[in-house]
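Engineer: structure for the following, please:
(chains A and B)
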Protein chains: 2
Amino acid sequence: MYLAKIYVTLKPTVNDPQGLTVKGGLHTLGFDNIQSVRVGKYMEVRLAETNVSKAEQQVREMCDKLLANPVIEDFRFELEEITS
Amino acid sequence: MYLAKIYVTLKPTVNDPQGLTVKGGLHTLGFDNIQSVRVGKYMEVRLAETNVSKAEQQVREMCDKLLANPVIEDFRFELEEITS
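Structural biologist: This next block holds a predicted model:
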């Protein structure tokens, strides 16, 4: 079994209104040395798969098809074997 | 300057309807060996701060006050020095 930790982030050129709102909120709370905030998604997917390269291929396919929007988002992931 | 990479996840005992929906979507797409999906948030915050322990303290405070809901969420973060 593998645990995939998937990070989906907006491409650097894409506007991030959610990030700007969070930045504004932090400023309001008194954190005034914040330069920028970018908000992305983090997902943990547990796969019943024993072969690491198959697991990797599947996670890549999941990201391309559903988890990330390739037009505006980038993704990266890590695979961790879990023994339970 | 420091870049904080912040991961906010639901506590293990908290239901994750968004994760269940994503899991359902992946099943529909033919990924049938998925055991579970948990969805969280990933944030990148750039801090104009030169002292690493001050930066750490600030990020912890931000998470406690705004970025995570301590009742239902856990957070962890990494700090990376950026030289630009």
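Engineer: from here on, contacts and neighbour counts on C-alpha atoms
Structural biologist: Noted.
Engineer: got the residues of chain A near chain B?
Structural biologist: A:7-8, A:25-26, A:31, A:33-49, A:58, A:62, A:66 (C-alpha under 8 Å from any C-alpha of the partner chain).
Engineer: what about 6 Å?
Structural biologist: A:33-48 (C-alpha under 6 Å from any C-alpha of the partner chain).
Engineer: quickly run through the sheet partners of the longest strand belonging to chain A, with directions.
Structural biologist: Criterion DSSP state E: the longest strand present in chain A is strand A:34-47. In the sheet, strand A:34-47 lines up against strand A:2-10 (antiparallel), strand B:34-47 (antiparallel) (DSSP bridges).
Engineer: after the longest one comes which helix or strand?
Structural biologist: If I follow you right, that is strand B:34-47. Next along the chain after strand B:34-47, taking DSSP states H and E as the criterion, comes helix B:52-62.
Engineer: also the first one?
Structural biologist: For strand A:2-10, the succeeding helix or strand toward the C-terminus, using DSSP H and E, is helix A:17-28.
Engineer: from chain B, how far off is residue A:53?
Structural biologist: Distance, residue A:53 to chain B, using C-alpha to the nearest C-alpha, to the nearest Å: 15 Å.
Engineer: still on that earlier bit, want to try CSV for the strands paired with strand A:34-47, with mean neighbour count and distance to residue A:79 as columns?
Structural biologist: Below are the strands paired with strand A:34-47 laid out as CSV (neighbours: other C-alpha atoms under 10 Å in any protein chain shown; distance: least, C-alpha to C-alpha, whole Å):
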stretch, mean neighbour count, distance to residue A:79
strand A:2-10, 21, 5
strand B:34-47, 20, 14
